Every structure is written in structure tokens, then in C-alpha cells.
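1. pasting a predicted model and its sequence here:
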Amino acid sequence: MEPFEYVKPASPAEASAILAAEGSAARILQGGTDLIIRMRGDFVHPKIVVDLKGLPGIREVAYNPANGLTLGAAVTMNEVAAHPLIHAHYLMLAEACETIGSYQLRNRATIGGNVCNASPAGDSIPALLCYDATAVIYNPAGERRLPLMNFFKGPGKTDLQPGEFLLALTLPEPHEAAVGVYNKLGRTRVGDIALLGVGVLGWPQPANPSGSGWRIALASVGPTPLMAPEAAALLAENTDDEAVEAAAAAVMNASRPIDDVRASGAYRQAMVRVLARRAIEDVLARLPM
């Protein structure tokens, strides 16, 4: 590992100024579970590492029914997975975070790091998309907000501009009877990077013909995390067995997987249909109608 300068700014404005001045020579540190590995592996060579964990509010979880949930970007995965308010209102997010790596890794890994890595296989991301999360981004001019779906621009690429960093994620209050399921397929039962992941959120919505509303998001089957709006629209119309099969097929058609060392694209596409059907059926079994 090459020598580098370590700084821990005390305010968002100070952090933004450093990042803007240093440009590509700077790297952000929150949990470090990805950055340190890349530095040790000689993949990145930052001249300055900017530790954001000391910024006000960046490690806090805040919730109220009017505004929903605010997650500081440096909240750890274990903190998300164990938080009682997240369990009570955003259970799929807690369960998805618990699938990431080992317990020890989740003590360091952060929700903001998982998002900002912009990996198509990020396990927290389908749940965040199903809960309609917004990215709160700090820059030299202040703050801007961006729907999380628009945050991802490609593998490892985000909408963050020079001097910007992710400060928090906000999630609106879901329907009180919403049910969410995250199904993940890996090479091992626990701890592996997702070969694919399917997040499904359903809630009572009497205005729809089926009496329900849906959001479906996918991991590791495209260059960015994906939504499956056509499948959600099918379920809003009908949720009988035929409709569930059609929705699962629509999820498969929304996927754009590649072949890599972990699985073929054809296998991923076949299995995303299976996991989507299982998740939809699981939600329906628990959804009050």
C-alpha cells in the first residue's frame, strides 16, 4: 500500500472543499471494507483519504411517521439490520442488509458505501429502491436530492460530481400493511456476493383492480440495479396464479444479465424468474387484502 494523507473533516462544507480540491486523488472512507482491499491490492492509489464518519448526523438513524426514515450514509449494515424502527417499518431493508458478508464485515460496512460502490450486486439497493429511497447529496453549494434510481450510471459509476458525497438516504413511510421480501441467490448460503437478487414490495391499494400496489427491484442482472415496472403493473391488475407467472416472466424480461466467472447470463435470467415468483407468492401469502 502506497503512502497517503488521512484527513477527518469536521463539517460537510470542509469535506466537500477537500474533495473538490483534490479531485480524483481523493477517496472517501466510511467503512473501508472495499477501499482498503482495493488499496492493498494496488487497484487504487489515493493521495488523500477523507474520513467522513465524524460529520454531524452521518452515523444517525432518524424516523418519524410524517417524514419517514433518514439513514446517515455511515450507518453500518449491522446497525440497519438490528434497528427496531427499521424492523418495524422497513423490514425488507433490514433483512437484505443481513445477507451482506459476515457479521464482522457488517460491523464496518456502511449503507452509504454499499450504495456508492454502485455495484449491480449491492444487496441493500433493491430494498432501498422498493421503498422509493432518495439520495441526499452534499456539494459545495449545499445539498441536492436525487431519486436513488437515478443515482446509478453504470458499474461502479454514480451521479456524484466533483466535491460531492452522499450524506444520507431518505425513505418515505410505506403503507402500514406493506410486505417486503428480498430473495438472494449466491454460490454459498451466507456471505457471498449475489449472483442475483430480487426485492418485492406489496401493499393494499384498493384503487387498483387487484387491490394491491407493487414495486419490484433487481440486483446483479444488469449494468445497474433495475426496476421491473411492467411486472408491478401486471400485479396491480391481477394476482391470480396466471398473473403471478406472467409477472415473474416480466421480471425475467426486465433483466439484462451477463456471463461472468460466477454464473452465466442464461442461468441468471432463468433463476430471476424463479426467485421473483417465490417472492411474489411470499408477499401475497402475508398481504392483507
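-> Cool, got the structure.

2. how about the helices in the stretch 151-289 of the chain?
-> For the stretch 151-289 of the chain, the helices defined by DSSP state H, counting those that start in this stretch cover 229-237, 241-254, 265-286.

3. so which helix or strand of this structure has the lowest pLDDT on average?
-> helix 103-106 (a mean of 88; mean pLDDT, DSSP states H and E).

4. picking up where we left off before, kindly reformat the helices of the stretch 151-289 of the chain as JSON lines and extend each row with distance to residue 120, mean neighbour count and mean pLDDT.
-> Where you see a C-beta, it was placed from the backbone N, CA and C, and this is true even at glycine. JSON lines is the format used below for the helices of the stretch 151-289 of the chain (distance: least, Cβ to Cβ, whole Å; neighbours: other Cβ atoms under 10 Å; pLDDT from 0 to 100):
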{"stretch": "helix 229-237", "distance to residue 120": "18", "mean neighbour count": "19", "mean pLDDT": "98"}
{"stretch": "helix 241-254", "distance to residue 120": "13", "mean neighbour count": "19", "mean pLDDT": "97"}
{"stretch": "helix 265-286", "distance to residue 120": "11", "mean neighbour count": "18", "mean pLDDT": "96"}
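
5. thinking again about what came up before, could I get the buried residue list for the least confident helix or strand of the chain?
-> residue 106 (16 or more other Cβ atoms under 10 Å).

6. swap in stretch 104-118?
-> By neighbour count on 16+ other Cβ under 10 Å, the buried set for stretch 104-118 is 106, 108-118.

7. these in strands, which ones?
-> The strands in this structure, assigned by DSSP state E, contain none of these.

8. among those residues, name the ones in helices.
-> If you go by DSSP state H, these have 106, 111-116 in helices.

9. now the least confident helix or strand of the chain: how far from the chain's centre is it?
-> Averaged C-alpha coordinates place helix 103-106 at 17 Å from its chain's average position (Cα atoms, centre = their mean, to the nearest Å).

10. try stretch 25-41
-> Using Cα atoms, centre = their mean, the offset of stretch 25-41 from its chain centre is 19 Å.

11. hmm, residue 254 is touching residue 233, no?
-> No - Residue 254 sits out of contact with residue 233 when judged by Cβ atoms under 8 Å, with a separation of 11.5 Å.

12. residue 137 belongs to a helix?
-> No - Residue 137 is assigned strand when assessed by DSSP: H, G, I helix; E, B strand; the rest coil, not a helix.

13. which residue ranges make up the domains of the chain?
-> Taking automatic domain parsing as the domain assignment, the ranges for the chain are 5-51, 61-171, 179-286.

14. quick one, what contacts residue 48?
-> Counting by Cβ atoms under 8 Å, 6 or more residues apart in numbering, residue 48 makes contact with 4-7, 18, 22, 25-27.

15. which of those lies closest to residue 93?
-> Nearest to residue 93 out of those is residue 27 (Cβ to Cβ; 26.4 Å).

16. neighbouring strands - and their directions - for the helix or strand hosting that closest one?
-> Element membership of residue 27 [criterion: DSSP states H and E] is strand 26-29. Applying DSSP bridges, strand 26-29 is found paired with strand 48-51 (parallel).
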